[in-house]
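1. with the sequence up front, the predicted model follows.
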Amino acid sequence: LTLPLLPVLDAANVAMLLLLTVVLVAIRAGRGPAVAATLAGFGALLMSVPHHDFGAGELTWSVTLLVMLAVGWITASLTDSLRGQARAATAREARTRALYEFARELSGVLQTEQVFEITRRFVQRTFDAHAIILVPGPDGRLRYPDPQPGAARVPPMSILDMGAAQWAFDHAAPAGTGTATLPGNSFVYLPLVAPMRTRGVMLLWADHQGRVLVPEQRDLLDAFAALAAIALERVHYVDVAQDALVRMESEKLRNSLLAALSHDLRTPLTSLVGLSESLALSRPALAAEQLSLAHSLRDEAKRMSTLVANLLEMARIESGSVTLNMEWQPVEEVIGSALRACRWQLASRSVETRLAPDLPLVRFDATLMERVLCNLLENACKYTPPGATIAIAADLDGGKLALSVRDTGPGLPPGREEALFEKFARGERESPIPGVGLGLAICRAIIHAHGGSIQARNEDGAVFTILLPLGEPPALPTPEPETAVTP
């Protein structure tokens with residue numbers, strides 16, 4: 001197209017038009033076609049232009065050829081570079097959008113099955129691959145996935161395949177195709193590592209694994225695995241929070257019920273205890289059999305009153321309405337008051353007290369501490385035969401006061417010493433001994449409120465040991481010296 005312009009334009013202008021053609025070819029087609037266009041245009045110009053029109057020798061032709069080649073090559077290189085950057089930016093934008101959409105979908109899930117389905121769908125759409133998630137069971141071993149509606153059928157997995165998935169889960173490291181571990185395996189195993197623990201393994205397979213193994217795609221796949229792991233952990237803690245809320249509401253309802261029952265039962269039980277004692281003291285005196293029945297009625301009424309008092313005390317403790325009246329006082333007094341309160345239960349047992357001399361003052365709530373000792377003494381009376389020995393000891397143990405109640409009964413169930421302090425826990429589920437298993441729970445709650453601890457062990461019977469912090473009692477005021485009066 002430019003050669004017919006030679007009669008009108010000189011050779012230099014035609015050469016510029018050919019150079020423009022080379023630039024356009026380089027922008028459109030790349031380096032190879034640009035070099036071919038340069039050689040073709042230069043050859044046609046060389047054959048069509050008389051030699052004398054350039055007015056120079058071979059050097060002019062050489063410079064023209066080199067300039068056209070250089071311009072074509074540089075233009076094609078810049079164009080390829082820009083085209084590559086554009087492709088990279090487009091791919092990066094696509095990966096960012098896929099990651100954003102995946103995170104947005106996972107942000108609202110509330111069930112693990114939703115995490116499985118969303119992950120499978122996005123992996124298939126983004127990587128043209130299939131994916132399933134293996135989660136561990138209660139024993140920590142990965143379970144073979146159940147068939148999911150709409151999901152691709154899982155290829156047969158051998159014991160070695162499941163072993164590779166378990167290895168990736170245990171070591172929190174990828175395995176399978178494209179990794180350093182089992183690269184010949186047909187699957188890719190990506191551990192779902194969450195902030196707290198590994199939540200499972202993402203299993204991938206595809207007809208063409210090359211697209212998954214591209215470094216950029218592999219980074220995106222790792223990001224997908226991290227988001228799926230975080231979603232699984234969030235769903236787990238949502239379930240934990242819901243269970244905790246249900247337990248809290250159940251506990252609150254139970255405490256309210258216990259408090260209501262206790263308040264309604266205390267008055268008639270108190271009346272029943274008073275009436276039974278009045279019946280035993282009535283005149284004329286009752287016959288022996290009638291007196292025995294009156295005493296049995298009194299004992300059962302007192303036992304029921306104690307049970308209701310424990311129910312009410314536990315409800316008050318659980319509701320947080322208990323305020324400790326902390327005062328510095330000798331421990332001997334609270335032991336004596338507890339023995340007096342339990343004298344009708346301890347009537348057929350012998351009680352020994354072993355108190356270290358010069359025990360310091362201890363700061364505690366006397367009423368609640370008396371309740372603790374009464375519960376321990378009543379517990380010892382329940383599980384020891386008449387004539388058994390119950391020992392109460394108090395001594396110093398480092399910087400704490402050690403207060404223990406020991407009996408010579410059958411002891412505690414082996415291995416359940418700590419479980420007995422739970423609410424409604426008893427040594428034997430089915431037992432003729434009355435009680436609901438609240439006494440020890442109340443003891444632990446009161447002792448913990450005092451900043452101490454309580455433990456149980458077997459030692460020729462049951463031994464309950466209370467440790468209370470000593471602290472620094474206030475100094476007693478020194479008496480002023482008497483001044484002599486001169487008569």
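-> Yep, that arrived.
2. who does the lengthiest helix in the chain touch, helix- and strand-wise?
-> The longest helix of the chain (DSSP state H) is helix 215-280. With contacts defined as 3 or more CB pairs under 8 Å, 6 or more residues apart in numbering; DSSP states H and E, helix 215-280 has these neighbours: helix 58-106, helix 112-127, strand 188-193, strand 198-205, helix 210-213, helix 288-319. Yep, even glycine has a C-beta here, placed from its N, CA and C like the rest.
3. domains in the protein, by residue range?
-> 11-99, 109-321, 327-469 (the TED database).
4. can you tell me which of those the model trusts least?
-> In terms of average pLDDT, domain 11-99 trails the rest of these, at a mean of 76.
5. and that domain, how far out from the chain middle?
-> Averaging C-alpha positions (CA atoms, centre = their mean, to the nearest Å) puts domain 11-99 64 Å from its chain's average.
6. how about Ala456: what's its closest non-neighbour residue?
-> Nearest residue to Ala456 in three dimensions, chain neighbours excluded: Glu417, at 4.5 Å (CB to CB, 6 or more residues apart in numbering).
7. my guess is that neighbour contacts Glu459. True?
-> No - contact between Glu417 and Glu459 fails when scored by CB atoms under 8 Å: they sit 11.2 Å apart.
8. those two: which is more packed in?
-> More crowded of Glu417 and Glu459, by other CB atoms under 10 Å: Glu417, with 17 against 9.
9. hang on, the more buried one in a helix?
-> No - checked against DSSP: H, G, I helix; E, B strand; the rest coil, Glu417 lies outside a helix; its state is coil.
10. separation between it and Glu333?
-> 30 Å (CB to CB, to the nearest Å).
11. so the longest helix of the chain versus helix 58-106, what angle?
-> 10 degrees (axes from the mean of the first three to the mean of the last three CA atoms, to 10 degrees).
12. tell me the SS of Ala394?
-> Using three-state DSSP, the secondary structure recorded for Ala394 is strand.
13. pairing partners for it in the sheet, please.
-> Assessed by DSSP bridges, Ala394 has beta-bridge partners Leu355, Leu403.
14. ranges for the helices of the stretch 351-487 of the chain?
-> For the stretch 351-487 of the chain, the helices defined by DSSP state H, counting those that start in this stretch cover 366-382, 439-449.
15. okay, those in JSON lines with distance to Ala394 and mean neighbour count next?
-> Shown next, in JSON lines, are the helices of the stretch 351-487 of the chain (distance: least, CB to CB, whole Å; neighbours: other CB atoms under 10 Å):
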{"stretch": "helix 366-382", "distance to Ala394": "11", "mean neighbour count": "22"}
{"stretch": "helix 439-449", "distance to Ala394": "15", "mean neighbour count": "21"}
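16. distance of Ile466 from Ser348?
-> 25 Å.
17. which of those two has more residues huddled nearby?
-> Ile466 (24 against 11).
18. beta partners of that one?
-> With DSSP bridges as the rule, Ile466 is bridged to Leu403, Ile454.
19. my guess is it meets Leu403, correct?
-> Yes - with contacts counted by CB under 8 Å, Ile466 reaches Leu403, the gap being 4.4 Å.
20. returning to what we had before: if I look at the residue nearest to Ala456, how far off is Leu440?
-> Look at Glu417 and Leu440: by CB to CB, they are 10 Å apart.
21. give me the common contacts of these two.
-> Common neighbours of Glu417 and Leu440, counting by CB atoms under 8 Å, 6 or more residues apart in numbering, are Ala456.
22. and for Gln345, the neighbour number?
-> For Gln345, the count of nearby residues is 18 (other CB under 10 Å).
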